[in-house]
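Asks: Sharing a model prediction with you, sequence too.
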2 protein chains.
Amino acid sequence: MEIVLPYSRLFEMTRAVFLAMGCSPAHADTAAASLLIADLRGVDSHGVARLSGYVRLWEAGRINPQPNIRLIHETPSTGVVDGDSGLGLVVAPMAMKIAIEKARSVGSGWISVQNSNHFGIAGTYAMMASREDMIGMAMTNASAIVAPTFSKEKLLGTNPIAVAVPAGEEPDFVADFATTTAANGKLEICQRLGKDVPSGWVQDAEGHDTNDAHALKNGGALLPLGSDRERSSHKGYMLGSIVDIFSGVLSGANFGPWVPPFPAYIPMPENQPGKGIGHFMGAMRIDGFRKAEDFKKDMDMWIRRFRSAKPSSASPSVIVPGDPERAMEKERMENGIPLLESVLDDLNQVNLKMGLDKISA
Amino acid sequence: MEIVLPYSRLFEMTRAVFLAMGCSPAHADTAAASLLIADLRGVDSHGVARLSGYVRLWEAGRINPQPNIRLIHETPSTGVVDGDSGLGLVVAPMAMKIAIEKARSVGSGWISVQNSNHFGIAGTYAMMASREDMIGMAMTNASAIVAPTFSKEKLLGTNPIAVAVPAGEEPDFVADFATTTAANGKLEICQRLGKDVPSGWVQDAEGHDTNDAHALKNGGALLPLGSDRERSSHKGYMLGSIVDIFSGVLSGANFGPWVPPFPAYIPMPENQPGKGIGHFMGAMRIDGFRKAEDFKKDMDMWIRRFRSAKPSSASPSVIVPGDPERAMEKERMENGIPLLESVLDDLNQVNLKMGLDKISA
């Protein structure tokens, strides 16, 4: 059973929770908007379903609701932002704003972020740039649940990459993906249904491929994009590493196995080399390369050619990155956001804890 | 049977071929060095084995041996280089030099390149930046032999990405990989041996997974990294698309199915929207983010932690990107570069054609 809530109501409720945590009104607005883009775009695992997790991090003293977010090092086109342990949902958009300002002034802007927390979906921030006639990029590292090729130890997070590119008459190209074969959310669906997972998604504690949807909880690991060595999992491992280095090492945040976990009950890794979680944001002005209208005309041509590619027999038509999420956003903005009963219960416990009103259907 | 030639001899021979094509001595030096890095690093498919292919492109009038390579648009941190139909082996390092100069002046530099040709291996150019205490990135598009997820048409090239990151006591991190599951070179090895290929590498003309090593020649396509939808081939498709957009659309080069093919006997695609092949080069100064020595200490820690990860049972130890190629480079610089007899024959035909001396063992 699920209930459907209008976006505006879910937004007010989410905003109230952030206010109750001690965030300023402006930060609560930003955090609620950043979080709920995931629900609007159909990435249910990263949206309001995680709100209770953010609250638990705050209770554990790991989120500073009134951070002094600031640029601690810069050149005209680069810099590092210290998130002061704030919500990634607030720190990340501020970092992207700085990247966009730098791009406006010298063509491109690149900000690595230290001392932050989880930021929801990467696409949110990449799309801030594409709205300004810029190409936007956003990445983050995350706690280690992925094993590099040949490793039985977990050393990388799902480390997503998002790239948003403006077009002309066509909507933006928006790629947003974890550098693993399967998202953790897909694994959880199989767990709930008592189903096996396809081969190539996870390995067991000894590092062998398994169909057990519970393998990750039992000492196993998610596999990098590619699945196994024969199908080039080392390329997914390299991608996840690049995200970790750009987000963690370049900023002075934690990296590899030292990245703070999202669940507040998991102890912090010992001997951490850096501060909090790291992100990486980039913006490049289209007209830093060629006339924006010429670029957009070519992007329209690119998008139309790919969308009209002949599909394989028995396949749906070819998808341009960003199309399904945009359709979902439109649908949910009009008709509301469906919430599983378990998510609703979870939210009501948060509301109770924070002295807020209960949500009912 | 194979013969082994010292690097210096192969270099002189290669340089002589470029001089005979009409390249200036400086360009011939650069082109020979750019090409042979592939042989030194063990990427035999992209090195001197392709020299005859470059010569055929020149014969077909598709390579200008005396190009006027120039910046046609710029901001302090971005720009577009017109390669004037020159060898990618010459155009790409010049573009990376400009990116490095821009990084020196404003923190980062990003150059998209139009009107170029094939450039060998991407890692070559990324490593130019890491030698300067910068993170280097290099990409290129290439002619379409890869089918997007759900497509039976080939719309993308193998579109490689390289990222080189400097460390302190440890050698650089160097990732360099095609955004497909399998490299074309691996497919060719199976063809020569009459072997099947693993599932997930190629699809047939109808878009179905096949083990036929000859499928690509018979109307099939290489598969994006991930192999199939269940194992997230759409992520490999997104990566290949990003490379195509950054290299082709952003520069005004060709993109998608319109990228010029490497084999000179294949006709040029009709109604091309841009000029030649596109590349994308980036350089970010480490100290544009934090003190270079602090970063390098952390990179050493990163590298050592990953290299010492516990391997899965029956696996070799965990590899840090760049390690195998660096070991190969050392070995081949000391002991020479092995050439297959077929490659030697091919080179001797080139030498005959260009009025140069025959190579013997």
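Replies: Alright, I've got the coordinates. Numbers count the residues shown, from 1 in each chain, chains lettered A, B, ... in the order given.
Asks: quick one: the one helix or strand A:Met94 maps to near chain B?
Replies: Using DSSP states H and E, the element containing A:Met94 is helix A:88-106. Yes: counting by C-beta under 8 Å from any C-beta of the partner chain, chain B is contacted by helix A:88-106 at A:Val106. Using the backbone N, CA and C atoms, a C-beta is placed for each residue, glycine as well.
Asks: Now do the strands in chain A.
Replies: Counting by DSSP state E, chain A has strands at residues A:2-5, A:70-74, A:78-82, A:108-116, A:134-140, A:161-165, A:173-177, A:202-203, A:209-210, A:221-222, A:277-285, A:337-340.
Asks: now the ones you listed as TSV including mean pLDDT, mean neighbour count and distance to chain B?
Replies: Output for the strands of chain A, formatted as TSV (pLDDT from 0 to 100; neighbours: other C-beta atoms under 10 Å in any protein chain shown; distance: least, C-beta to the nearest C-beta, whole Å):
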stretch	mean pLDDT	mean neighbour count	distance to chain B
strand A:2-5	92	14	26
strand A:70-74	98	15	6
strand A:78-82	98	25	3
strand A:108-116	98	30	5
strand A:134-140	98	29	8
strand A:161-165	98	27	5
strand A:173-177	98	23	4
strand A:202-203	97	28	7
strand A:209-210	96	18	10
strand A:221-222	97	26	10
strand A:277-285	98	30	6
strand A:337-340	94	18	24
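Asks: Go through these and name the closest to A:Ile359.
Replies: In terms of C-beta to C-beta, the element of these nearest to A:Ile359 is strand A:2-5, at 7.3 Å.
Asks: Would you mind extracting the C-alpha trace of the closest one into CSV?
Replies: Output of strand A:2-5 as CSV, limited to C-alpha atoms (Å, rounded to 0.1, in the frame of the first residue of the first chain):
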residue,chain,number,x,y,z
GLU,A,2,1.2,3.4,-0.8
ILE,A,3,-0.1,6.9,-0.5
VAL,A,4,0.4,9.8,-2.9
LEU,A,5,1.3,13.3,-1.6
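Asks: Would you mind putting the strands of chain A into a markdown table with distance to B:Leu40 alongside?
Replies: Listed next are these as a markdown table, based on distance: least, C-beta to C-beta, whole Å:
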| stretch | distance to B:Leu40 |
| --- | --- |
| strand A:2-5 | 59 |
| strand A:70-74 | 37 |
| strand A:78-82 | 32 |
| strand A:108-116 | 31 |
| strand A:134-140 | 31 |
| strand A:161-165 | 30 |
| strand A:173-177 | 34 |
| strand A:202-203 | 34 |
| strand A:209-210 | 35 |
| strand A:221-222 | 34 |
| strand A:277-285 | 31 |
| strand A:337-340 | 56 |
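Asks: Could you say which one of the ones you listed comes nearest to B:Ser312?
Replies: Evaluated over those, closeness to B:Ser312 peaks at strand A:202-203, with 7.2 Å, by C-beta to C-beta.
Asks: strand partners of the closest one, parallel vs antiparallel please.
Replies: Note on strand A:202-203: by DSSP bridges, its sheet partners are strand A:209-210 (antiparallel), strand A:221-222 (antiparallel).
Asks: Let me see the residues that make contact with the last one.
Replies: Here strand A:221-222 makes contact (C-beta atoms under 8 Å, 6 or more residues apart in numbering or on different chains) with A:145-147, A:151-154, A:158, A:180-182, A:184, A:187, A:201-203, A:207, A:215-216.
Asks: Please apply the same query to stretch A:333-346.
Replies: For stretch A:333-346, contacts defined as C-beta under 8 Å, 6+ apart pick out A:1-7, A:10, A:36, A:39-40, A:48-49, A:51-52, A:347, A:359, A:361.
Asks: so how far is the least confident helix or strand in chain A by mean pLDDT from its chain's centroid?
Replies: For chain A, using mean pLDDT, DSSP states H and E, the weakest element among its helices and strands is helix A:184-193, scoring a mean of 85. Between the centre of helix A:184-193 and the centre of its chain there are 18 Å (C-alpha atoms, centre = their mean, to the nearest Å).
Asks: Would you mark the buried spots in the helix holding A:Met94?
Replies: By 16 or more other C-beta atoms under 10 Å in any protein chain shown, the buried positions in helix A:88-106 come out as A:88-100, A:102-103, A:105-106.
Asks: same for that helix, what does it pack against?
Replies: Counting by 3 or more C-beta pairs under 8 Å, 6 or more residues apart in numbering or on different chains; DSSP states H and E, the packing neighbours recorded for helix A:88-106 are helix A:25-40, strand A:78-82, strand A:108-116, helix A:123-130, strand A:134-140, strand A:277-285.
Asks: So what angle separates the directions of the third one and strand B:277-285?
Replies: So the one you mean is strand A:108-116. 50 degrees (axes from the mean of the first three to the mean of the last three C-alpha atoms, to 10 degrees).
Asks: I'd say A:Ala60 and A:Pro263 touch.
Replies: No: with contact defined as C-beta atoms under 8 Å, A:Ala60 does not reach A:Pro263; the gap is 9.9 Å.
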